[in-house]
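*Asks:* This is the structure alone, sequence omitted:
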C-alpha cells in the first residue's frame, strides 16, 4: 500500500514538473513569435517611411496611391494580346523605379536601399537605377541628366500605357484614369528628385561684374607706391 502511494506521488511530481516546463516553453515561444515582425508598419509617426515590400504587388508600391490605383485596375483585367503581359511587366518596373526612388530620397538613412535591387532595363533606363539615386545623394546630378532620365521614363511609360489600354481592352474612362495616375506619379517623384538631386548653383568666384569693388585707374596702374607725407 505504501509502495503504491509512493509511486503515485512520484508520478504526480513528474507530471507537475512537465506541466511547468510546458508553460515556460509556451511563454518563451509566445514572446519570440510576437517580436518576430520588426518591420515598421508606417502607421506610427516614428520617422520611418514604411516597409518597402510586403504591402504591394510591386516593390515600394505603397509609396504612391497612384501606383496602387493603376495596379488595382489591371488586377481585374486580362490581356487579349501576346504582348500585353510583357508590356505590363515592364510598366510595373517603371512604376517601381519611380516609387523606390521617392522612398530612398525621402528616407531618413539617405542611402541607396530599395533602388539597389531593381534591374537595369535598356528600354527605359539611361543608367543603372541605383547609380541614379547615388548621384542624387552626392549632389552630382546636373539638371540636364535628371531631365533626360525622367524624360525617358515618362516617354516609355506613356507608350506602354497606350499599348496596355489596347491589350487589356480598357474603356476610354479607364484609359484616361491610368494615364492620369501615371503622369501624376511621375510629376510627384520628379518634383522630389529636383529638390534632392540637383546641386545648388554656385556664385561666381569674384561675384557679378556689377558688384561694387575698388578700382585703380589705368593711368596710375604702373606707378610705384606713394611714400610722401600727403
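*Replies:* That came through, no problem. Remember, predicted model here, so these are calculated numbers, not experimental data.

*Asks:* what pLDDT, on average, does stretch 88-101 get?
*Replies:* For stretch 88-101, mean pLDDT is 93.

*Asks:* got the buried residues for it?
*Replies:* 88, 90-101 (16 or more other C-beta atoms under 10 Å). C-beta coordinates here come from the backbone N, C-alpha and C atoms, glycine included.

*Asks:* Show me how far it is from its chain's centre.
*Replies:* 11 Å (C-alpha atoms, centre = their mean, to the nearest Å).

*Asks:* what's that stretch in contact with?
*Replies:* 52, 57-64, 67, 70-71, 74, 79, 114-115, 118-119, 121, 123-125, 129, 132-133, 153, 156-157, 160-161, 164, 167-168, 182, 185-186, 189, 192-193 (C-beta atoms under 8 Å, 6 or more residues apart in numbering).

*Asks:* low-scoring stretches of this structure, by residue?
*Replies:* Counting by pLDDT under 70, the chain contains low-confidence ranges at 1-15, 31-55, 201-215, 226, 229-230.

*Asks:* Recalculate using a threshold of 80.
*Replies:* Low-confidence segments of the chain (pLDDT under 80): 1-20, 22, 24-56, 199-230.

*Asks:* all helices of it, in order?
*Replies:* Assigned by DSSP state H, the chain shows helices spanning 2-34, 65-74, 84-105, 129-137, 143-167, 172-197.

*Asks:* okay, those in a markdown table with distance to residue 216 next?
*Replies:* What follows is the helices of the chain, written out as a markdown table (distance: least, C-beta to C-beta, whole Å):
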| stretch | distance to residue 216 |
| --- | --- |
| helix 2-34 | 79 |
| helix 65-74 | 62 |
| helix 84-105 | 50 |
| helix 129-137 | 45 |
| helix 143-167 | 39 |
| helix 172-197 | 44 |
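
*Asks:* so which of the ones you listed comes closest to residue 228?
*Replies:* Closest of those to residue 228 is helix 143-167, at 56.3 Å (criterion: C-beta to C-beta).
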